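Peer 1: sequence unknown, structure follows:
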């Protein structure tokens, strides 16, 4: 451990804006991107399910 | 040998790869967190202050892994494109499209963190250095690939057209890099030397390697999540995909 | 083999002659873009002389882009492209003929027009000669690489904008060496290195690009 206090850690020797701007942007992307990918996957599944149900319904109707 | 080949083809079929990818994702997520925690610990708490750049150098722990991944992902995409053309596997094209957004984001991160590092070190957010300029062009190449594949409706055609673009791009990257480097040496106006201190302490190197591994595992995990969506979308008319869609357990 | 290339080239040239308005529109675009820059920057001769190589080259890239979407689109519409793809000779040679024809109606006139526009920028005679030479040598590469983009975006919605997105990054080496040669001449340095690299790029892209474009065309026709 090289830091004496938490404040010193946050200050990053005067480079706080630059260092935390870099790490923050990286963290933001690494949190937001998986959430978006995950949501998209769920939406795809939901849409495909709806399509499939609609398809089977219409094929049943045409059989009658 | 023959058996192994058959095995590879078995996993290359979307029907077997879909559940396999689903099982692999948690492992890669766990590895991402593990490597990330270790890398951040080394990088932010253990690695000593740089005698030239002070604490500002710590940006290296995200900047270099992002740059590496942005280049590596493009190569992997080109590799999958080549596999797709030679073996005609369906999965290859899906992999290229699943990787592209992550690659573009990595290129963006590399530029973003590079700017935040450049400002305190060289006094400018952006300099027309050969490496920075090439990274910017790489981002353009990613955007071109994503724009092309999303503009083509037929997925098979999108895969193949994207594959040709990737192969043309990968041939061009060294030419572009070389020409930009040449251009840069000719126009050395506000001569800033961008060579970083070569004698990097072992602890910093380890921190960087761990962070690079974290980024690597992250990219794989995300590509797997995306490729599952693409597989399901394209295979929706097959029996196995219908079984998954009607099943309760499908995530 | 040469016969196919020549036949396609002659046909495309004949078609281009029938539609001279397209050709002149591209040239006027080039003239207007180059003439706009001094209005935005100011009339100071020293500054303009410094900017001239870059401005003229970038304008040439953009003007080339304008004519690219038409490269295969008309042949696709009237079914010629399908006939050419089914014919026994390799499609790459057909594309080569079309690339050469494209260069003759877009690259060559641009290069011949450039010295007149260079005078607006107060370039010396040496620099004007080098500018024309680099454009003569570099524009074939633009037509070649552009053909790949045109084939990839054939029949795709938003094709024109997409085409520039794909092709402009790949044009960067040509831009660097082309404008660099004029720059070096203005600065009193030799431009031999630039010229040999530009020639290498031109030969490589005219040699290889038609085959990549042919592969892309086959995908588009499937």
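Peer 2: Ah, there it is. Just so we're clear, the structure is a prediction, and the values are computed from it rather than from any experiment. Residues are numbered from 1 along each chain as shown, chains lettered A, B, ... in the order given.
Peer 1: Which positions in the stretch 51-200 of chain B make contact with chain A?
Peer 2: Applying CB under 8 Å from any CB of the partner chain, we find that the stretch 51-200 of chain B lies next to chain A at B:54-56, B:58-59, B:62-63, B:66, B:101-102, B:105, B:108-109, B:112-113, B:116-117, B:119-120. All C-beta spots, glycine's among them, are computed from the backbone N, C-alpha and C.
Peer 1: can you rerun that using 6 Å?
Peer 2: Among all residues of the stretch 51-200 of chain B, those adjacent to chain A (criterion: CB under 6 Å from any CB of the partner chain) are B:54, B:55, B:56, B:58, B:59, B:62, B:105, B:109, B:112, B:113, B:116, B:120.
Peer 1: between those, which has the most around it?
Peer 2: Of all those, the most densely surrounded is residue B:62 (30 neighbours; neighbours counted as other CB atoms under 10 Å in any protein chain shown).
Peer 1: roughly how far apart are residue B:180 and residue B:136?
Peer 2: 9 Å (CB to CB, to the nearest Å).
Peer 1: go on, residue B:161?
Peer 2: Separation of residue B:161 from residue B:136 (CB to CB): 24 Å.
Peer 1: go on, residue C:213?
Peer 2: In this structure, residue C:213 and residue B:136 are separated by 26 Å, where distance is defined by CB to CB.
Peer 1: and the two? which has more neighbours close in?
Peer 2: residue C:213 (31 against 18).
Peer 1: Contact partners for the more buried one?
Peer 2: Residues in contact with residue C:213, defined by CB atoms under 6 Å, 6 or more residues apart in numbering or on different chains, are C:95, C:147, C:148, C:151.
Peer 1: Report the two of the residues you listed separated the most.
Peer 2: Greatest spatial distance in these: C:95 and C:148, 9.3 Å, computed using CB to CB.
Peer 1: does the helix or strand hosting residue B:213 come close to chain A?
Peer 2: Following DSSP states H and E, the helix or strand that holds residue B:213 is helix B:202-234. Yes: counting by CB under 6 Å from any CB, contacts between helix B:202-234 and chain A involve B:222, B:225, B:226, B:229, B:233.
Peer 1: Report the closest residue of the stretch 151-251 of chain B relative to chain C.
Peer 2: Per CB to the nearest CB, the residue of the stretch 151-251 of chain B with the smallest distance to chain C is residue B:179, at 3.9 Å.
Peer 1: list the helices and strands the host helix or strand of that residue packs on?
Peer 2: With the criterion set as DSSP H and E, the secondary-structure element containing residue B:179 is helix B:155-186. Taking 3 or more CB pairs under 6 Å, 6 or more residues apart in numbering or on different chains; DSSP states H and E as the contact definition, the neighbouring helices and strands of helix B:155-186 are helix B:60-87, helix B:130-151, helix C:159-186, helix C:192-221.
Peer 1: Going by neighbour count, which residues in it are buried?
Peer 2: The neighbour-count criterion (16 or more other CB atoms under 10 Å in any protein chain shown) identifies B:155, B:157-170, B:172-173, B:175-177, B:179-184 as the buried residues of helix B:155-186.
Peer 1: chain center to it: distance?
Peer 2: Here helix B:155-186 shows a centroid-to-chain-centroid distance of 15 Å under the convention CA atoms, centre = their mean, to the nearest Å.
Peer 1: what secondary structure does residue B:153 sit in?
Peer 2: coil (DSSP: H, G, I helix; E, B strand; the rest coil).
Peer 1: Can you report phi and psi for it?
Peer 2: With angles defined as degrees, to the nearest 10, residue B:153 shows backbone torsions of phi -80, psi -40.
Peer 1: Tell me, how many residues neighbour it?
Peer 2: Burial measure for residue B:153: 9 neighbouring residues, criterion other CB under 10 Å.
Peer 1: and what of residue A:17?
Peer 2: Neighbours around residue A:17, by other CB under 10 Å: 13.
Peer 1: Next: the one 5 residues further on.
Peer 2: In terms of burial, residue A:22 registers 26 neighbours under the definition other CB under 10 Å.
Peer 1: quick one, whatever helix or strand it lives in and helix B:60-87 angle?
Peer 2: Under the assignment given by DSSP H and E, the secondary-structure element containing residue A:22 is helix A:16-63. Computed with axes from the mean of the first three to the mean of the last three CA atoms, to 10 degrees, the direction of helix A:16-63 lies at 30 degrees from that of helix B:60-87.
Peer 1: and the angle from helix A:16-63 to helix B:202-234?
Peer 2: 20 degrees.
Peer 1: quick one: the strands in chain C?
Peer 2: Taking DSSP state E to define them, one finds no strands in chain C.
Peer 1: Which positions in it make contact with chain B?
Peer 2: Counting by CB under 6 Å from any CB, the residues of chain C lying close to chain B are C:148, C:152, C:156-158, C:162, C:165-166, C:169-170, C:172-173, C:176, C:212, C:215-216, C:219.
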